[in-house]
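J.: Just the structure for this:
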Amino acid sequence: MTLNSRCFNSLRRIQIASLNYSSVLRCKSTASSLHIQNEQSESNLRDSQVSHLKNSVAHNSIRVFKEKSLSELLSAYVVFKLCRVNFLVSNNEKLMKLGYSVLGDKLFERLMKLTFYGHFVGGENEKSLRPLISRLESNGIGAILDYAVEKDISRDDAVKAEMKASVSEQEFRPEQPASNVDETRNPEYLDREPQFLAHEAFGEEDVISAKTYFYEDEKSCDENLEIFLKCIETASKCGASEGFAAIKLTGLGRPQFLMQLSEVLTRTRMFFDQISDQYPGDVLRRNVSRTQFSSGLDKLGVKISLDEANDWFTFLDANKDGSFNLLDWNHLVHRERDFSRVLVAPDPETGELDVKLMIDAEQTYFQPAISRLAMELMKVYNVEKPIVFNTYQCYLKEAFNNLQVDMGYAEREGFYFGAKLVRGAYMDFERKRAEEIGYPDPINPSYESTTRMYDRVVGECLNAISCNKKVGIMVASHNEESVNFTTERMKQLGLHPNDKQVYFGQLLGMCDRLSFRLGLEGYPVYKYVPFGPVKEVLPYLSRRAYENSSMLNNTDKEVAMLKDEIKLRLKGK
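T.: As a prediction, this is how the structure comes out:
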């Protein structure tokens, strides 16, 4: 398989820019008296904070909006109310274009700064970000920066760009007559899995999801790279706490590469599942013996000689114990290409910055490749502490298995495993695409099952951390129950917030009650802060509105707290 070298070169520049070896994560010692003393000290600090909070309570709630001006409170209240109007959310793109044409650029952008942009975006540049980040840090909250600039192109142009970047010339088979075009797109004819083929019917829905990068040519990838590097540089300059930056790998190369690599990895995994039928609920306990391997190959119609089969088995049996598991099996791809070797190169221009990197999750037909590349980056850079974090979407049925395999691989190779845990952003799109194209629905059947999956994944990571394994996670959730589950489980396992092995994250402008509570209780918590010029960030905000429409409809607590704070201000408190 031909790899996109430009994609890898971009990735390595980003990784080197985010490196800093100035500190090493302190290992937790559950039996250490020093840890007990530190815990007592932190307990006293929390008691002091609680005492302070009791003086800042409105109807038994933390006054998380106390530092906002009255005009900011009124603006936030109006924004949340408007976000619950489905017509406005569904037609926000058209309404913004109408606003520009009626009010003009200057007046409309001023209106946006007073409302939606001002509430959900951190600012235009480093200078305008500093007051916000300073205010957050005074309440124990850090920032994950995302330079949210993207091109505002028409839906039709976006779909064309998406399809062009996702389909190779070979898939069209130009030597075939025009009357056979539909046949040449047939997955059986191409010997391809339908999930990993581009389908024009879903092009428009695909590009709606935030944040979208449109592949035009390699120059556009270089431009995206500069955007990511700018984000990392800004994160290093703003604020005193550890910096985070977020990137999307689809912005660094042709999407077709990610789709094809995802298909290779998925087919490799499917092959293993077919020859191993033990412990169906635990992928890492599925061991394949030499006899099982031979009979499995026969059952699947793989015609190779006994000597060839023995050679393959010897290669896979890394521990020489007469069997191999999924971690051994995954080395099949390594045998052809060691990705980590092409991701490493010195770059004197970028230097070293104290910034951690979040690699965003994307659609399921990209995600296997993204996760694999993220793991290879961890292998190179997560040597002394977690720097690179991969994202796991817990609305997926395979979320726990995928995390378990990746965490097992990190433990086996001896590097820190970094994971950002989210529920997921593409549920409706993924379900519809699976149903209409004809492959199994990858999404959990209900909200409750996704919550159970989320808690299971969090629990697995916390258990690993309590056993002193090299694991760092970010619980990126707006669900209060999931956050409470995490903090309570941390207390049960003796995991201290000051160890900074468990981070929390929420979007700027959303669930402030959770973020401020966690920050004041001493937990490492971060706000996801987009920034950039107003006009260039509005397409991002538009897509965020589509993506988070259900969450925006569920802001009753935020609205109630804003209302209470406004009443207190009007009373002079």
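J.: ok, now which ones touch the residue nearest to the spatial centre of the chain?
T.: With distances taken as C-alpha atoms, centre = their mean, residue 360 lies nearest the centre of the chain, 3.1 Å away. With contact taken as C-beta atoms under 8 Å, 6 or more residues apart in numbering, residue 360 is in contact with 211, 246-249, 391. For glycine as for every other residue, the C-beta is placed from the backbone atoms N, C-alpha and C.
J.: Can you tell me which of the residues you listed is closest to residue 288?
T.: Lowest distance from residue 288 to the contacts of residue 360 (C-beta to C-beta) belongs to residue 391, with 30.1 Å.
J.: Does the closest one fall in a helix, a strand, or a coil region?
T.: For residue 391, the reduced secondary structure class is strand; criterion used: DSSP: H, G, I helix; E, B strand; the rest coil.
J.: hmm, back to that, just the buried ones among the contacts of residue 360, please.
T.: Buried positions within those, assessed by neighbour count (16 or more other C-beta atoms under 10 Å), are 211, 246-249, 391.
J.: Now do the helices in the stretch 201-350 of the chain.
T.: Under the criterion DSSP state H, counting those that start in this stretch, the stretch 201-350 of the chain carries helices at the ranges 203-208, 218-237, 255-275, 290-299, 306-316, 326-329, 331-336, 339-342.
J.: Turn these into JSON lines, columns for distance to residue 517, mean neighbour count and mean pLDDT.
T.: Compiled in JSON lines, those are given as follows (distance: least, C-beta to C-beta, whole Å; neighbours: other C-beta atoms under 10 Å; pLDDT from 0 to 100):
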{"stretch": "helix 203-208", "distance to residue 517": "33", "mean neighbour count": "17", "mean pLDDT": "48"}
{"stretch": "helix 218-237", "distance to residue 517": "24", "mean neighbour count": "19", "mean pLDDT": "81"}
{"stretch": "helix 255-275", "distance to residue 517": "38", "mean neighbour count": "19", "mean pLDDT": "81"}
{"stretch": "helix 290-299", "distance to residue 517": "52", "mean neighbour count": "15", "mean pLDDT": "82"}
{"stretch": "helix 306-316", "distance to residue 517": "49", "mean neighbour count": "14", "mean pLDDT": "83"}
{"stretch": "helix 326-329", "distance to residue 517": "39", "mean neighbour count": "19", "mean pLDDT": "76"}
{"stretch": "helix 331-336", "distance to residue 517": "44", "mean neighbour count": "12", "mean pLDDT": "57"}
{"stretch": "helix 339-342", "distance to residue 517": "40", "mean neighbour count": "15", "mean pLDDT": "48"}
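J.: Redo those helices as TSV? Include distance to residue 400.
T.: Listed next are the helices of the stretch 201-350 of the chain as TSV, based on distance: least, C-beta to C-beta, whole Å:
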stretch	distance to residue 400
helix 203-208	26
helix 218-237	30
helix 255-275	15
helix 290-299	24
helix 306-316	24
helix 326-329	14
helix 331-336	22
helix 339-342	24
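J.: Nearest to residue 556, out of those helices?
T.: Within these, the stretch nearest residue 556 is helix 203-208; the backing value is 26.3 Å (C-beta to C-beta).
J.: And stretch 107-124, how far out from the chain middle?
T.: Per C-alpha atoms, centre = their mean, to the nearest Å, the displacement of stretch 107-124 from the mean C-alpha position of its chain is 25 Å.
J.: hmm, who's touching it?
T.: For stretch 107-124, the external contacting residues (C-beta under 8 Å, 6+ apart) are 72, 75-76, 78-79, 82, 96, 99-100, 102-103, 128-129, 132-133, 143, 145, 148, 507-510, 529-535, 537-538, 541, 544.
J.: Those residues, buried ones only, as a ChimeraX selection?
T.: In ChimeraX syntax, the buried subset of the contacts of stretch 107-124 is picked out as below (16+ other C-beta under 10 Å):
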select :75,76,79,96,99,100,129,132,133,143,145,148,507,508,509,510,529,530,531,532,534,535,537,538,541,544
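J.: Okay, and which of the contacts of stretch 107-124 map to helices?
T.: Counting by DSSP state H, the part of the contacts of stretch 107-124 found in helices is 72, 75-76, 78-79, 82, 96, 99-100, 102-103, 128-129, 132-133, 534-535, 537-538, 541, 544.
J.: Appreciated, that's everything.
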